[in-house]
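S.K.: Please work out how this folds:
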Amino acid sequence: MTRAPFVCAIVAPALLLAGCKAGPDYKGPPEVGSAAVARGKFVRADDAALANAPGLARWWEGLNDPLLNALIDEELANSPSIEGAQARIREARAKLGQSRSQLLPSTAVSPLAAHVEIPGTSLDSLFDSNGSSDGGTSFTFYNLGATVSWEPDIFGGKHRQVDAARNMIEQRYADLADAQVSLTAQVAQSYVNLRDSEERLRLSTRSTQLQRRAVDLVRQRFAAGTATKLQVESLESQLASADAQAIPLEAQVAAYKDALAVLTGRAPGELDERLAALAPVPLPPAQVPIGDPAALIAHRPDVRSAERALAASTAQIGVKEAARLPGIKFNGVLGLGGTSPGDMFDPSNFAAILLPQLSWPLLDFGRSKSAVREAEAQRDGAQAQYRQTVLAALQDAEDSLARFGATRRQLGRLMGGQQAIARAATLNRQRYDAGTSTLVDQLDIERQDLQAQIAVAQARAQLTIDFIAVNKALGLGWQEQQSSENTKK
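M.R.: Presented below is the predicted three-dimensional model:
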């Protein structure tokens, strides 16, 4: 047919241009924190317990608490937050499949009746010398088969959309890792707070018992006339205050048990039996590996997520740029058919027709150009967000390291003070046994010893909380996902 050269004249340039990609290529994220990377270590990592070695993915195992290890494993397997992040990954993968499908022809099975009018049989004869049509041809085409539609990606807009979808999948994997980092830290912190509350409740109960013994003794002395009413009232007030301190601790124990249940995907109360046995607060290892700023930037999930968002927004510029350029779409039918309805049922009448459609938004009053500017602004915003995320990550790490070191020093001094008051209690016990000190004095110094023990217990728990914060700030607590394989499927 004489229409073939016309179709080929359109298809050939389209295929030659296919493979070009509009818009900028992604060159990677901007350089942020170069001074910290060049320094090779964290500024606040001046504590002897901090080691410049790669951090551990399963850092909580360094606390040597099997129950905590089990709870974190259950949280990673059952948490609704993890399930939500995994669902968003599946959603992103589905969007990638949709973007890829736009590169291929689409077909639909349906009967068709189309009236076609062709003004001329070739480009040279579309108009005669007087500028009028040469008459052309017209016919009605009947088809029982499939319709075909295909739009070649001449300027790479669809490929840019695929790039953006691919980057979005990797961003969702980074978001999943960030959720794992956050949740493992929450489980560990709730567990430490539970054990700390239990320990303080135990010590508070002992303090109340000592206070009650002192009150009973002073009441006896008051009855014997060797103590004043003021002394009795004062000690009874102290007893009531000590007894009241245990009430909120009991509520805290219940609250932390419920928090652990919810974090591991259970209803409140379902972990009470497993958590019933008392256990000490787990303490950090003697050496805490923290890596360096370069490892932090490369490994922390929220930084990776921000970088992938920047890559995706860069690809979207190409999508908008390609929309401003000419495009061609081919619509066709194939199957049994001809110029009469009966031809649809004649196997010898296999027919096919392909009609090109050229489009170019020449006059859209700046709409497509504004869309490009919008995409560029979104890219600039993503770049600024990446810079902010890196700087915030570095600050988070430095601050957590500073708090960890300060708490270790505080704990050392509190332990020294508690040991001193314990020695004083021992000496006073010897004096009391020798009859040179009163029972009231002995009970009072034992109460001071318990208060010192409570302060040490709180500092120990805070040290472990700070250890957890260090590992969270370093972005530890997740493992590499197979996102690259998933984007190829």
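
S.K.: so F330, which of the three states?
M.R.: Going by DSSP: H, G, I helix; E, B strand; the rest coil, the secondary structure assigned to F330 is strand.

S.K.: should've said S81
M.R.: Assigned state for S81: helix (three-state reduction, three-state DSSP).

S.K.: who's in contact with it?
M.R.: By CB atoms under 8 Å, 6 or more residues apart in numbering, the contact list for S81 reads 179, 183. No exception for glycine: its C-beta is placed from N, CA and C like everyone else's.

S.K.: Show me where the chain has its helices.
M.R.: 4-17, 34-39, 66-78, 80-101, 157-224, 229-263, 293-299, 301-323, 367-434, 439-473, 483-488 (DSSP state H).

S.K.: Relative to L358, which of those helices is closest?
M.R.: Checking the helices of the chain against L358 by CB to CB gives helix 4-17 as the closest, at 7.3 Å.

S.K.: Mean neighbour count, the helices of the chain: which tops it?
M.R.: Most buried of the helices of the chain, by mean neighbour count (mean count of other CB atoms under 10 Å): helix 301-323, with a mean of 23.

S.K.: thinking again about what came up before, output the helices of the chain in a markdown table; the columns should cover distance to W150 and mean pLDDT.
M.R.: Supplementary listing: the helices of the chain in a markdown table, determined by distance: least, CB to CB, whole Å; pLDDT from 0 to 100:
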| stretch | distance to W150 | mean pLDDT |
| --- | --- | --- |
| helix 4-17 | 10 | 47 |
| helix 34-39 | 48 | 89 |
| helix 66-78 | 45 | 95 |
| helix 80-101 | 12 | 91 |
| helix 157-224 | 11 | 91 |
| helix 229-263 | 51 | 88 |
| helix 293-299 | 42 | 92 |
| helix 301-323 | 16 | 94 |
| helix 367-434 | 22 | 93 |
| helix 439-473 | 50 | 90 |
| helix 483-488 | 23 | 49 |
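
S.K.: Adding distance to A352, write those out as a markdown table.
M.R.: Shown next, in a markdown table, are those (distance: least, CB to CB, whole Å):
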| stretch | distance to A352 |
| --- | --- |
| helix 4-17 | 12 |
| helix 34-39 | 61 |
| helix 66-78 | 55 |
| helix 80-101 | 23 |
| helix 157-224 | 25 |
| helix 229-263 | 61 |
| helix 293-299 | 54 |
| helix 301-323 | 29 |
| helix 367-434 | 34 |
| helix 439-473 | 62 |
| helix 483-488 | 34 |
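
S.K.: Any idea which of those helices gets closest to A146?
M.R.: Short answer: helix 80-101, nearest of the helices of the chain by CB to CB, at 16.6 Å.

S.K.: Can you say which of the helices of the chain is nearest to F345?
M.R.: Closest approach to F345 among the helices of the chain is made by helix 4-17 (27.5 Å; CB to CB).

S.K.: ok so, going back, can you say which of the helices of the chain is nearest to L50?
M.R.: helix 367-434 (6.5 Å).

S.K.: Does that closest one pack against any helices or strands, and if so which?
M.R.: strand 50-51, helix 293-299, helix 301-323, helix 439-473 (3 or more CB pairs under 8 Å, 6 or more residues apart in numbering; DSSP states H and E).

S.K.: now the angle between helix 439-473 and it, please.
M.R.: 160 degrees (axes from the mean of the first three to the mean of the last three CA atoms, to 10 degrees).

S.K.: Just checking the distance from helix 367-434 to the centre of its chain.
M.R.: 20 Å (CA atoms, centre = their mean, to the nearest Å).

S.K.: go on, stretch 65-81?
M.R.: The answer for stretch 65-81 is 17 Å, by CA atoms, centre = their mean.

S.K.: do the same with stretch 82-102
M.R.: 16 Å.

S.K.: Also stretch 301-315?
M.R.: 12 Å.

S.K.: ok, and what's touching that stretch?
M.R.: Contacts with stretch 301-315, where a contact means CB under 8 Å, 6+ apart, come from 23-24, 26, 29, 160-161, 163-165, 167-168, 170-171, 174-175, 177-178, 180-181, 296-297, 375, 378-379, 381-383, 385-386, 389-390, 393, 475, 478.

S.K.: now stretch 281-294
M.R.: 33, 36-37, 39-42, 45, 49-56, 62-65, 68, 191-192, 195-196, 199, 299, 394, 397, 401, 404, 457, 460-461, 463-464, 467, 470, 474.

S.K.: try it again with 7 Å
M.R.: By CB atoms under 7 Å, 6 or more residues apart in numbering, the residues outside stretch 281-294 that reach it are 33, 36-37, 40-42, 45, 49-56, 62-65, 68, 192, 195-196, 199, 394, 401, 460-461, 463-464, 467, 470, 474.

S.K.: what does stretch 260-278 give?
M.R.: Stretch 260-278 is contacted from outside by 71, 74-75, 78-80, 183, 186-187, 190-191, 194, 198, 257-258, using CB under 7 Å, 6+ apart.

S.K.: Return the distance of stretch 443-459 from the chain's centre.
M.R.: How far stretch 443-459 lies from its chain's middle: 41 Å, per CA atoms, centre = their mean.

S.K.: And stretch 446-464, by the same measure?
M.R.: 36 Å.

S.K.: now stretch 281-295
M.R.: So, by CA atoms, centre = their mean, the centroid of stretch 281-295 is 22 Å from its chain's centroid.

S.K.: which of the residues in it are buried?
M.R.: 281-284, 288-293, 295 (16 or more other CB atoms under 10 Å).

S.K.: about what we covered before: wait, which of the helices and strands packed on helix 367-434 is closest to Q102?
M.R.: Of the helices and strands packed on helix 367-434, nearest to Q102 by CB to CB is helix 301-323, at 10.9 Å.

S.K.: Show me how far that closest one is from its chain's centre.
M.R.: Relative to its parent chain, helix 301-323 has a centroid offset of 18 Å by CA atoms, centre = their mean.

S.K.: when you compare where it runs with where helix 157-224 runs, what's the angle?
M.R.: Using the same axes, to 10 degrees: helix 301-323 against helix 157-224 is 150 degrees.

S.K.: Okay then, goodbye and thanks.
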